[in-house]
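> below are the sequence and a predicted model; questions follow.
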Amino acid sequence: MNSEFLSEAEDEFRESVRYYENEAPGVGIRFIAEVRRGVNFITENPFGAAAVGSGIRRKVLNHFPYSLLYVVESELVVIVAVAHQKRRPRYWRGRLNELRERFGRTKG
């Protein structure tokens, strides 16, 4: 299954990489690797992560306080957010409207 990031999720990912790399060189690279592992997991097992409602699933990352929030649309996994687990809960919900416009109803 293929995957793609919404532009806002891509921005969050890049911002987090910059933050970690600025705090401790090499940690940003480890964060990239962990996000890639998460994306690989969800593309191989799209329904393997916990459902959190409205067709959204959450893959919790290892070693970092982040989750990948995503939807499964036909043969595509769309990453809606690269969300810090302790900040601004559910801020990403507004992004679901973009998905509904693009794909019709999101699947549960």
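Perfect, thanks for sending it.
> run through the bridge partners of the spatially most central residue of the chain.
Among the residues of the chain, the one closest to the centroid is Leu68, at 2.7 Å (CA atoms, centre = their mean). Counting by DSSP bridges, Leu68 is bridged to Lys59, Val82.
> which residues touch it?
Taking CB atoms under 8 Å, 6 or more residues apart in numbering, we find Leu68 in contact with 35, 38-39, 42, 49, 58-59, 61, 79, 81-83. C-beta: built from backbone N, CA, C; applies to glycine.
> of those, which is the most crowded?
Val82 (28 neighbours; other CB atoms under 10 Å).
> please tell me how far that residue sits from Ser74.
Val82 is 22 Å from Ser74, where distance means CB to CB, to the nearest Å.
> quick revisit: tabulate the contacts of Leu68 in CSV, adding columns for pLDDT and distance to Glu15.
Compiled in CSV, the contacts of Leu68 are given as follows (pLDDT from 0 to 100; distance: CB to CB, whole Å):
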residue, pLDDT, distance to Glu15
Val35, 98, 12
Gly38, 98, 17
Val39, 98, 17
Ile42, 97, 21
Ala49, 97, 23
Arg58, 97, 19
Lys59, 98, 19
Leu61, 98, 15
Ile79, 96, 14
Ala81, 96, 12
Val82, 97, 9
Ala83, 95, 12
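> ok, those residues vs Phe5, which is closest?
Of all the contacts of Leu68, Ile79 has the smallest distance to Phe5: 4.5 Å, by CB to CB.
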